[in-house]
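1. Any chance you can model this:
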Amino acid sequence: MSDILTSLAQDCRHILTDRPGPEGRGKIAQLLENLLADPANVDALVPLSTGERELLYEDPELGFCILAHNYDSPKTSPPHDHGPSWAIYAQARGETEMRDYDKIEDASASKPGKVQVKRSYRLTPGVAHVYNEGDLHSPTSNGPTSLVRIEGTDMSKVKRFRYELA
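-> Below you'll find the predicted structure:
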C-alpha cells in the first residue's frame with residue numbers, strides 16, 4: 001500500500017470512529033478534495049493502469065472500502081442508491097455528470113422503483129460529494145474519467161433493488 005493510501009485509510013478510520021454519521025463523511029469528502037488537488041496524489045491513488053473498479057483498501061474493523069475507478073471511454077450507470085450504506089465520490093480526472101433523484105415509487109425484488117430527476121451537477125477534478133443512505137443518483141461520463149470512491153461497506157456484496165425513470 002502506498003504512503004498516500006495508508007494515510008488516507010488511517011485518516012478515514014479516525015474520522016469515522018469519532019464521527020460515524022454524515023458529519024464524518026463530510027469531513028472525509030473535504031479530505032479527499034484536499035488530497036486530489038495534488039496531481040501526484042491522483043497518480044498514486046488512481047494510476048492510468050487502474051481498471052474500472054479496484055478495491056484498494058477494506059477496513060477490517062469499520063468495513064469501509066476505498067476504491068479507484070478508471071474509465072477510458074464514456075460510461076453511464078442507471079439510477080441507484082447504496083442500499084443500507086453510503087458512498088463518497090471524488091473526481092480525480094475528467095468530469096462526471098451526476099443526477100440526483102426523488103423516489104416516486106418504491107422498488108422491490110420483483111419490480112424496479114420509479115424515480116424522477118431532482119437536479120444535475122458536474123463533478124470536476126478535486127470535487128467530492130457524499131451520498132448518504134437512501135440517496136438516489138446516477139453518474140455519466142462522456143469520456144475518460146478517474147474517481148476515488150469510499151463506501152461504507154463493500155457494495156459488490158450487497159443486493160440492491162433497481163430503479164428507472166418514471
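
2. those strands in this structure, which residues are they?
-> Remark: strands assigned in the chain by DSSP state E are 54-58, 65-71, 75-76, 87-93, 96-105, 113-123, 128-131, 136-141, 145-151, 163-165.

3. now the first one against strand 65-71, angle please.
-> Angular relation of strand 54-58 and strand 65-71 on a 0 to 180 degree scale: 170 degrees, by axes from the mean of the first three to the mean of the last three CA atoms, to 10 degrees.

4. pLDDT on strand 54-58, on average?
-> Averaging pLDDT along strand 54-58 gives 98.

5. Which elements pack onto it?
-> In terms of contacts (3 or more CB pairs under 8 Å, 6 or more residues apart in numbering; DSSP states H and E), strand 54-58 is packed against helix 3-18, strand 65-71. Just so you know, the C-beta spots here come from the backbone N, C-alpha and C atoms, and that holds for glycine as well.

6. cool, and the fifth one?
-> Using 3+ CB pairs under 8 Å, 6+ apart as the contact criterion, the neighbours of strand 96-105 among helices and strands are strand 113-123, strand 136-141.

7. Give me whichever of the ones you listed is most buried.
-> Mean neighbour count (mean count of other CB atoms under 10 Å) peaks for strand 136-141 among these, with a mean of 19.

8. thinking again about what came up before, could you say which of the helices and strands packed on strand 54-58 is packed most deeply?
-> Among the helices and strands packed on strand 54-58, highest average neighbours (mean count of other CB under 10 Å) belong to strand 65-71, with a mean of 21.

9. neighbouring strands for it, and are they parallel or not?
-> Here strand 65-71 is paired, per DSSP bridges, with strand 54-58 (antiparallel), strand 145-151 (antiparallel).

10. pLDDT value on the closest residue to Asp72 other than its chain neighbours, please?
-> Of all residues not flanking Asp72 in the chain, Pro144 sits nearest, at 5.3 Å (CB to CB, 6 or more residues apart in numbering). We have a pLDDT of 97 for Pro144.
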